[in-house]
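Student: sharing a model prediction with you, sequence too.
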Amino acid sequence: MKKELIRLENVSKSYDGELILDDLSLTIHENEFVTLLGPSGCGKTTTLRIIGGFEKPDKGQVFFDGMDITCLAPNKRPLNTVFQKYALFTHMDVA
């Protein structure tokens, strides 16, 4: 049986009255490689921000290795984050 690492249960998130995530449930098991694909505005980044703790869901829960981490601060989560915007580190370049 595969070990469950990340689980989102019935996660919903709205911004300015617009529903971005609607009752999303997702399970990621150990050694799985997961890619989120979809058009702009479909909730890919919001999902990653919720998993990382940078956003809180309006409803639902986030679990890591069986532990509810929904309200845990990003720096307290047993996860790593790679930011997609290099502008966060303006003194560095990717050349």
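Tutor: Here it is on my side, so go on. Residues are numbered from 1 along each chain as shown.

Student: make it CA atoms for all contacts and neighbour counts henceforth
Tutor: Fine.

Student: how near is residue 36 to residue 46?
Tutor: Using C-alpha to C-alpha, to the nearest Å, we find residue 36 at a distance of 11 Å from residue 46.

Student: comparing these two, which residue is more hemmed in?
Tutor: Remark: of residue 36 and residue 46, residue 46 carries more neighbours, 19 against 9, as counted by other C-alpha atoms under 10 Å.

Student: what is the neighbour count of the closest residue to residue 4 other than its chain neighbours?
Tutor: The shortest distance from residue 4 to any non-neighbouring residue, by C-alpha to C-alpha, 6 or more residues apart in numbering, is to residue 29 (4.3 Å). A total of 15 residues lie near residue 29 under the criterion other C-alpha under 10 Å.

Student: which pLDDT value goes with residue 29?
Tutor: Residue 29 carries a pLDDT value of 97.

Student: wait, it sits on residue 63?
Tutor: No. In this structure residue 29 lies outside contact range of residue 63 using C-alpha atoms under 8 Å: 11.8 Å.

Student: check which helix or strand covers residue 34.
Tutor: Assigned by DSSP states H and E, residue 34 belongs to no helix or strand.

Student: ramachandran coordinates for residue 76?
Tutor: Residue 76 adopts backbone torsions of phi -100, psi -10, taken as degrees, to the nearest 10.

Student: ok, now which ones touch it?
Tutor: For residue 76, the contact set (C-alpha atoms under 8 Å, 6 or more residues apart in numbering) is empty.
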